[in-house]
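> Any chance you can model this:
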Amino acid sequence: MVACKGGRRRWEGRVKKACVSLGLTVLPSLLCAVPLKCQEVLPPEEQAEANRLFDQNLRSDPLKCTIDRERTSLDFTFHFDTGFVITCPFQEFGGRRTLLTIYVRVTPVGGTPVLLKTLRIIRGLSIKPSQVYPGKGKAYFVVRGGFSVGEGRYRVEVLMQDPRKRTCRRAWWIKIPHHAQRSVPMVLAPNHVSSLHIPTWRGPQPGGLHLAVLLSAGSFNPRATRLGVGYQMMLLQILSTLLQQIPCSSVRLVAFNLDQERVIYQTDSFRPSGFAELQESFNGLNLGVVSVETLKRRNDWAQMLATLTNRQLTAQPPPDAVIILGRSYRWMKRVPREMLMFRYEGMPRFYYFENGPENLFPDSLGFLTKSLGGKIYRITTPHDLGTAIQKMLAQLRGPEPTVTASKSRQGE
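From the prediction side, this is the model:
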C-alpha cells in the first residue's frame, strides 16, 4: 500500500509537530486485493451527468487537492496499466466522514470517450501513538486509481467531487507506442480502454493438456506476517496468464505454505471462480503464526514438498505438465531424492516459474525442479513470462522427457 504522510500540530498536548503514516488507497489491482472498490465503467444512464461535470467550467470553491499521473507499465496479464494519485489534506473535510466520487474520462484520438467511476468514503482522522513520529506538514490521505489501455494516444481527465459539489481536476495526454515484442500478445486492441481486472479465463477446454499447478504462497521476506498485496496480485496475474495461454482440459491446483507446512487451498478441478477462493486463502494466511509442533519438526517442509510432488506423479489422469509457481526463501536446501517417486513412462514435465526479487542462490523449489529433469524460468517482467510460456509450449509439443535418476526407495 502507498503511505500518506503529514502531521498535526498537537498530539495529546505534547507533540507540536507530527508526521502521520496512513494507508488509504484505491489500489490499481486486477482483483482489488484488499476490500476497496475498483473503478468501473459507468453505465449509460450515468454518463450524461459525468460528461456535464467534465465539460462545465468551475472556477470557484475548488478542493485543495493535487492530482498526479502514474507511469504506464505492462502487467503480467499483458495489459498496459496507467492511472493517477490524488493527494488531499484531511482538513479540507473538517476531519469528518466524507463520501468522495472520482470520475475518469479517457478519450482515444478519433474514438469514443470511456467513463469510469469509483466511490470512496474518507473516514474521520484517527491516529494511534505508534503512527506518529517527528516531521513537518499536515495530515493527508492518498487515493489511487487506474485503468488499462491498448496501443494509441489518449486524453485522460480525472475529477474528484465531494458532497458540497467542490471539485479538483486535471487532464493530460498519454501515448502507448506500437509494441513489437512477439513474446507478449496484446490483450487490448489499439485505442481501447477497460477497467483494471483479471481477464476472464474461459475454463477447461476439451482436447487440451492436463495441467497441475503447485503454488508456493510464501513471502520472499522471511520476516513478513502477511502475503503482500502486490505479491498476491503478481501470483494471480501470472496464474491467469498461464491458464489463458495454455490450452487445458483440466487443472489441478494446490496452494501451500512451506513455513507453516500446510496446504491453504486445493482442488482437482480448478474453475474460473477459483480465483476469488484462492485470493481469500491468500488474505487469510497469517505468516507470523507458526505452531510449536511445526517448529519442532525442522525438516518436515521437505517431506511436505515431496508428498505434493509424488501425488502429481501418481495422479489419475496423469498431468502432462506440472508448473511450480511462486518462490521459496529456503536457499541452498534440497528435497532428498529418496523422498521422490520417479515415474519412467509418461513422466510429466516440470516447470518452475520463479518470481520475486533477484536471488544469487538456488532455492528448494529450483532444486526440486532440476532433480525431476525440469526447466526453471526466472520471471521478473511480463516479457520474461511471455518468453517462458512460448518455450514451455514448444517443449510440450516435443518428444517425451526422460529421467536418468535411479529409482527411489519409495518407487515401484
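
> Which parts of the stretch 301-412 of the chain are helices?
In the stretch 301-412 of the chain, the helices defined using DSSP state H, counting those that start in this stretch lie at 364-371, 382-396.

> Indicate which one of those helices is closest to residue 147.
Comparison of the helices of the stretch 301-412 of the chain against residue 147 by Cβ to Cβ identifies helix 382-396 as nearest, at 17.5 Å. No exception for glycine: its C-beta is placed from N, CA and C like everyone else's.

> From the chain's centroid, how far away is that closest one?
With Cα atoms, centre = their mean, to the nearest Å as the basis, helix 382-396 stands 20 Å off its chain's centre.

> avg pLDDT for that helix?
Averaging pLDDT along helix 382-396 yields 94.

> what do you get for stretch 278-297?
74.

> if we can go back for a sec, put together JSON lines for the helices of the stretch 301-412 of the chain, with mean neighbour count on each row.
Formatted as JSON lines, the helices of the stretch 301-412 of the chain follow (neighbours: other Cβ atoms under 10 Å):
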{"stretch": "helix 364-371", "mean neighbour count": "21"}
{"stretch": "helix 382-396", "mean neighbour count": "17"}
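
> Could you say which one of those helices comes nearest to residue 117?
helix 382-396 (28.0 Å).

> what sits up against the closest one?
74-76, 78, 181, 183-185, 209, 238, 241-242, 245-246, 320-321, 349, 351, 353, 375, 377-379 (Cβ atoms under 8 Å, 6 or more residues apart in numbering).

> Out of these, name the ones that lie in strands.
74, 209, 321, 349, 351, 353, 375, 377-379 (DSSP state E).

> just the residues you listed now: which is nearest residue 257?
Using Cβ to Cβ, the ones in strands among the contacts of helix 382-396 come closest to residue 257 at residue 353, 17.6 Å.

> List the contacts of the residue lying closest to that closest one once chain neighbours are set aside.
Nearest residue to residue 353, sequence neighbours excluded (Cβ to Cβ, 6 or more residues apart in numbering): residue 325, at 4.9 Å. Applying Cβ under 8 Å, 6+ apart to residue 325 gives the contacts 213-216, 235, 238-239, 242, 353, 355.

> Need the pLDDT of residue 325.
For residue 325, pLDDT reads 97.

> cool, the one 5 residues further on as well?
Note on residue 330: pLDDT of 78.

> how many other residues sit next to it?
19 (other Cβ atoms under 10 Å).

> hang on, the earlier thing: indicate which one of the helices of the stretch 301-412 of the chain is closest to residue 333.
helix 364-371 (4.7 Å).

> any idea how far the spatially most central residue of the chain lies from residue 192?
With the centre of the chain defined as its mean C-alpha position, the nearest residue by Cα atoms, centre = their mean is residue 233, 0.9 Å away. Distance of residue 233 to residue 192, computed by Cβ to Cβ, to the nearest Å: 22 Å.

> got it, and residue 159?
Taking Cβ to Cβ, one finds residue 159 at 22 Å from residue 192.

> same thing with residue 241?
For residue 241, the distance to residue 192 - Cβ to Cβ - is 19 Å.

> Past the least confident helix or strand in the chain by mean pLDDT, which element shows up next along the chain?
In the chain, the helix or strand scored least confidently by mean pLDDT, DSSP states H and E is strand 19-23, which has a mean of 27. Once the chain leaves strand 19-23, the next helix or strand it forms, by DSSP states H and E, is strand 40-41.

> Pretty sure residue 114 sits against residue 40.
No. Contact criterion Cβ atoms under 8 Å: residue 114 and residue 40 do not qualify, at 11.2 Å.

> Export the helix or strand containing residue 83 to PDB, keeping only CA atoms.
Using DSSP H and E, the element containing residue 83 is strand 80-89. Taking C-alpha atoms only, strand 80-89 is exported to PDB below (Å, rounded to 0.1, in the frame of the first residue of the first chain):
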ATOM      1  CA  PHE A  80      -0.900  -1.700 -20.300                       C
ATOM      2  CA  ASP A  81      -1.900  -0.100 -17.000                       C
ATOM      3  CA  THR A  82      -1.800   3.500 -16.000                       C
ATOM      4  CA  GLY A  83      -3.600   5.700 -13.500                       C
ATOM      5  CA  PHE A  84      -3.400   8.600 -11.100                       C
ATOM      6  CA  VAL A  85      -2.700   9.600  -7.500                       C
ATOM      7  CA  ILE A  86      -4.900  12.200  -5.600                       C
ATOM      8  CA  THR A  87      -3.400  13.800  -2.500                       C
ATOM      9  CA  CYS A  88      -5.600  15.800  -0.200                       C
ATOM     10  CA  PRO A  89      -5.300  17.200   3.300                       C
END
